[in-house]
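Asks: What would the 3D arrangement of this be:
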Amino acid sequence: MTQVKNMNNLGRSLLFALISMVFVLPMASAGLVGVYLNDSEDLVTSEEDITLPYGKNFILTFHVGGPYRIESGDDNFSAYSINVDVHFLSDVDRRDTCTMCAIPNLKPLGDTDKDPGYDTYQATFFSDMVAFEGYSGNIQFSIIIKNRTSGIVWD
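Replies: So this is what the prediction gives:
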């Protein structure tokens, strides 16, 4: 899970801050999935705080390796879809969860790109998304990776 705190800045502006990623993962999947916000360190293992000003889009990037790669040959584990839900945690401004607020897309390798050993997925969050409009408070990202039969392989 990732927590993001956004605050009003001079009335209408929002400030996304305090992003920390806490995942309870089986040890077998440690290092096989990395989650990055723009150019951050891996949010799965980092306790780094990240601040994004309102008006700036941000990108969640996922590096999916090992048996989770789409062409790994293991249909029980290979990532077929990644869903990102956004939970609004403010006690003052209650909102419904933005279900499947982002669905990351697989970024294919270019003809001259060397295989980095993982698949890359990206989801762009636009600062003017209706879900975030006027919101001030904590949010939490829930990230779920599913296989071809919709079985959850990582969350």
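Asks: how about the most centrally placed residue in the chain, secondary structure?
Replies: By C-alpha atoms, centre = their mean, the chain has its centre lying nearest to residue 60, at 4.7 Å. Here residue 60 is strand, with the state taken from DSSP: H, G, I helix; E, B strand; the rest coil.
Asks: hang on, isn't residue 37 packed against residue 43?
Replies: Yes. With contacts counted by C-beta atoms under 8 Å, residue 37 reaches residue 43, the gap being 6.2 Å. C-beta here means a position set from N, CA and C on the backbone, and glycine is covered the same way.
Asks: May I have the beta-bridge partners of residue 86?
Replies: For residue 86, the beta-bridge partners under DSSP bridges are residue 98, residue 141.
Asks: Which residues are in contact with it?
Replies: If a contact means C-beta atoms under 8 Å, 6 or more residues apart in numbering, then residue 86 has 97, 98, 101, 102, 131, 139, 140, 141, 142 as its contacts.
Asks: and the least confident of the residues you listed?
Replies: In terms of pLDDT, residue 139 ranks lowest among the contacts of residue 86, with 76.
Asks: Can you tell me how far that one is from residue 35?
Replies: To residue 35, residue 139 is 15 Å away according to C-beta to C-beta, to the nearest Å.
Asks: quick one: contacts for residue 67?
Replies: 32, 74, 77, 78.
Asks: quick one, phi psi at residue 38?
Replies: For residue 38, the backbone dihedrals (degrees, to the nearest 10) come out as phi 50, psi -120.
Asks: I'd guessed residue 144 sits against residue 83; true?
Replies: Yes. Residue 144 lies in contact with residue 83 (C-beta under 8 Å); the separation is 5.0 Å.
Asks: For this structure, just list every one of the strands.
Replies: Remark: strands assigned in the chain by DSSP state E are 2-9, 13-21, 33-37, 52-53, 58-65, 81-88, 98-102, 105-107, 118-125, 137-146, 152-154.
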